[in-house]
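# 3D model of this:
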Amino acid sequence: MGSAFKRFCMQFCCCCCAEDEDEEEEKQPLVTPDPLDYFTREVQKRRDEETNLWSEPGDPSHSERADDRTLYTLLQARNKTRIGSTGYRRLSVDIEAMRDTRREVRDKWKTILENLGFMAEADSLLTVSAGASADRMRNAPAARAMLHTLHTETSIFSSKEAPPERYLFIIDRLLYLDIGEDFLAKARRFYPPKDDSDEEMPGLAINLPLLLARVEAMNGRGNEDDDDEEDDSEKDD
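Next up is the predicted model:
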């Protein structure tokens, strides 16, 4: 009876009614009380991360750059493809390959920032939201000049395509913190320029025209052909 009354007080009355000074303080749970809330935050975090991978922060259509346009087209095509089909799996592989390329570049930047002592701030410094605007940059000309230097004098980016515009905003932050020159020096040391023959690293050689042609071919065949292709694959296995 006493324990039931205490539970009633804890739910509906002031917390002081149910406190027992002699009773050991209840430990806080290690997991969140609502698992759904935890998974919702994780899903949102993943979506934010994927959105943040776009090269052009101010491009809501995700189609200004060739690689953005290709990735967006691949995502749209996968949304229209039956989950589990051969076409869906192929599209997923291509999508992850493009995302891995962008993650590899971001990891290089994070390595340099952490080496400069920004272990706790690296992720926030590298985060660029879709609402980023060039009008809010403090030193756009210097940021663009430094981006060009990083592109031509280091191997942080692929030399075969223009560097993503999103890194202009990141460089602008580094210049504001007065660590731009230090970052550039570390980049030259950690990632010196490579010959064209040495640049073909796993995950970085992505044939954008081929991916687009594959998507168009899949859209032309339709899901019915995907099912036939999947059946043939299962027979081969």
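# If you count residues, where's the longest helix of this protein?
With DSSP state H setting the assignment, residue counts place helix 86-115 as the longest helix in the chain.
# just checking, next helix/strand downstream of it?
Next helix or strand after helix 86-115 toward the C-terminus (DSSP states H and E): helix 122-125.
# next helix or strand past that next one?
Heading C-terminal from helix 122-125 (DSSP H and E), you reach helix 140-153.
# by how many degrees do the longest helix of the chain and helix 140-153 diverge?
What separates the directions of helix 86-115 and helix 140-153 is an angle of 110 degrees, with axes from the mean of the first three to the mean of the last three C-alpha atoms, to 10 degrees.
# In helix 86-115, which residues are buried?
Of the residues in helix 86-115, 86-91, 94-95, 97-98, 101-102, 105-106, 108-110, 112-113 count as buried by neighbour count, 16 or more other C-beta atoms under 10 Å. Where you see a C-beta, it was placed from the backbone N, CA and C, and this is true even at glycine.
# burial measure for L36, as a count.
L36 has 8 neighbours, counted by other C-beta atoms under 10 Å.
# for it, phi and psi?
phi -60, psi -40 (degrees, to the nearest 10).
# now it: how far from M146?
Distance, L36 to M146, using C-beta to C-beta, to the nearest Å: 44 Å.
# One more: S158?
S158 is 18 Å from M146, by C-beta to C-beta.
# More neighbours: which of those two?
A direct count of neighbours by other C-beta under 10 Å for S158 and M146 places M146 higher, at 22 against 19.
# List the contacts of the more buried one.
Contact analysis of M146 by C-beta atoms under 8 Å, 6 or more residues apart in numbering lists I171, L175, G180, L184.
# Surely the first one and L147 touch.
When you say that, I think you mean I171. Yes - applying C-beta atoms under 8 Å as the test, I171 and L147 come out as touching, 5.8 Å apart.
# Looking at these two, which has the bigger crowd around it?
Comparing I171 with L147 by other C-beta under 10 Å, the one with more neighbours is I171, at 24 against 21.
# Leaving out chain neighbours, which residue sits closest to that one?
A143 (4.2 Å; C-beta to C-beta, 6 or more residues apart in numbering).
# Can you show me the CA trace of stretch 107-127 as CSV?
Only the C-alpha atoms of stretch 107-127 are listed here, as CSV (Å, rounded to 0.1, in the frame of the first residue of the first chain):
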residue,chain,number,x,y,z
ASP,A,107,38.2,13.3,-44.0
LYS,A,108,41.4,15.0,-45.4
TRP,A,109,40.2,18.4,-44.2
LYS,A,110,39.2,16.9,-40.8
THR,A,111,42.7,15.3,-40.4
ILE,A,112,44.4,18.7,-41.0
LEU,A,113,42.1,20.6,-38.6
GLU,A,114,42.6,18.0,-35.9
ASN,A,115,46.3,18.2,-36.4
LEU,A,116,46.1,22.0,-35.9
GLY,A,117,44.4,21.3,-32.5
PHE,A,118,40.8,21.6,-33.5
MET,A,119,39.7,18.1,-32.4
ALA,A,120,36.4,19.2,-30.9
GLU,A,121,35.6,21.9,-33.5
ALA,A,122,36.5,20.1,-36.7
ASP,A,123,33.0,18.8,-37.4
SER,A,124,31.4,22.1,-36.9
LEU,A,125,34.0,23.9,-39.0
LEU,A,126,33.3,21.5,-41.9
THR,A,127,29.5,21.7,-41.6
